[in-house]
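1. Mind looking at a prediction? Sequence and model below.
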Amino acid sequence: MSFTSLPKLKDCRKSLTHKGSYRNYGASSKTHIAIHHSLARQSSGGCNAEAYARYHTRNNGWPGIGYHFVIEADGTIKWCHDLGVKSYHVGNSNRFALGICLSGDFRYEKPTAAQKESLVNLVQYLKRELPNLKAIKGHNEFPGYSWKQCPVFNYRAVLGIRGNEVPSGTTITSYKAPRTQSSNLLKLERPYMKSDAVKSVQKVLGVSVDGIYGPKTARAVTQFQKAFGLTVDGIVGNQTRSALASPPYRGILRRGSKGNLVKVVQQKLGGIAVDGVFGAKTEKKVRAFQKANGLAVDGVVGRNTWGKLF
Ligand SMILES: [Zn+2]
């Protein structure tokens, strides 16, 4: 029996809003399952797969919804993509991770009993249908996402995963985000710190690469932290280092866009004012960058341009 026979399953692969298609690499490409919550309250109107699909398509400019499955508060399992599809939900891990999202904001509420039951059932079936499945992880356990408050609820308890236990019949390859000792903190102090680690931070941020952690680098780090909702202290510790390793794409930036994310992009492009306002000069820079990198030249920072920038 396949997961398609689950009584609560609803095939939404064709009905959800989409704009193009993701590539399908086959079920054998999936070695991991990533668990998410939707960050939308269950009581709100926008707390369902249909709303996420519209948001991911229209606001983020993605080909379709990011998740393979959405489990709604009433336990309905909405099937959004074939198992092998590489959709967007865990950055660099998208190719090998299948995404299951439980509708709700579990910072403030709890998954319903029906949701938990559906999650257990779905995962039981997926274990059989993903021949190379090695591990089930929360979103924030994937590289580059340790700062993310997702999925918040204790999915391990729900799924009965203990310690390093793995889905039956498979072996885990558990990977942990690199740990940094407090002595490895990069910060503004006198005399200025100087190291190769500072250089790599400067490369990501677009600050001139001299390896010296001076005021300009500290300012760029602060901008970056603001843009990604990190603790704003101008210090590169675990959280910031991990976000720097793979700055998550946060949707399209174009002429008229404003804010800290624009600042991060301006800093990275270099040679323009870092004012957080996407105006004519920023657009021109983006076009030049796109041309130089063989991208479609439209002056808009979408996923591809973002990927080249960071
Ligand atoms: Zn997530």
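-> Yep, that arrived.
2. From here on, just use CA atoms for contacts and neighbour counts.
-> Will do.
3. Which residue does this structure have closest to the ion?
-> Taking C-alpha to the ion, the ion has its nearest neighbour within the chain at His36, 4.0 Å off.
4. Can you pull out the low-pLDDT segments for the chain?
-> Counting by pLDDT under 70, the ranges of the chain that qualify are 163-183.
5. Centroid-nearest residue for it?
-> The structure's the chain has its C-alpha centroid closest to Val90; by C-alpha atoms, centre = their mean the separation is 4.2 Å.
6. residues touching that one, list them.
-> 34, 97, 139, 142, 145 (C-alpha atoms under 8 Å, 6 or more residues apart in numbering).
7. can those go into TSV with extra columns for neighbour count?
-> Output for the contacts of Val90, formatted as TSV (neighbours: other C-alpha atoms under 10 Å):
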residue	neighbour count
Ala34	26
Ala97	31
His139	26
Phe142	20
Tyr145	22
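8. Closest to Ser242 out of those residues?
-> Tyr145 (6.9 Å; C-alpha to C-alpha).
9. Does anything pack onto the top helix by length along the chain? Which helices or strands?
-> Determined from DSSP state H, the single longest helix within the chain is helix 113-129. On a contact count with 3 or more C-alpha pairs under 8 Å, 6 or more residues apart in numbering; DSSP states H and E, helix 113-129 meets strand 69-71, helix 155-159.
10. So for Lys263, which of those sits nearest?
-> Comparing the helices and strands packed on helix 113-129 against Lys263 with C-alpha to C-alpha, the closest turns out to be strand 69-71 (33.6 Å).
11. other SSEs contacting that closest one?
-> Using 3+ C-alpha pairs under 8 Å, 6+ apart, strand 69-71 sits against strand 77-79, strand 97-102, helix 113-129.
12. switch to 7 Å and redo it
-> strand 77-79, strand 97-102 (3 or more C-alpha pairs under 7 Å, 6 or more residues apart in numbering; DSSP states H and E).
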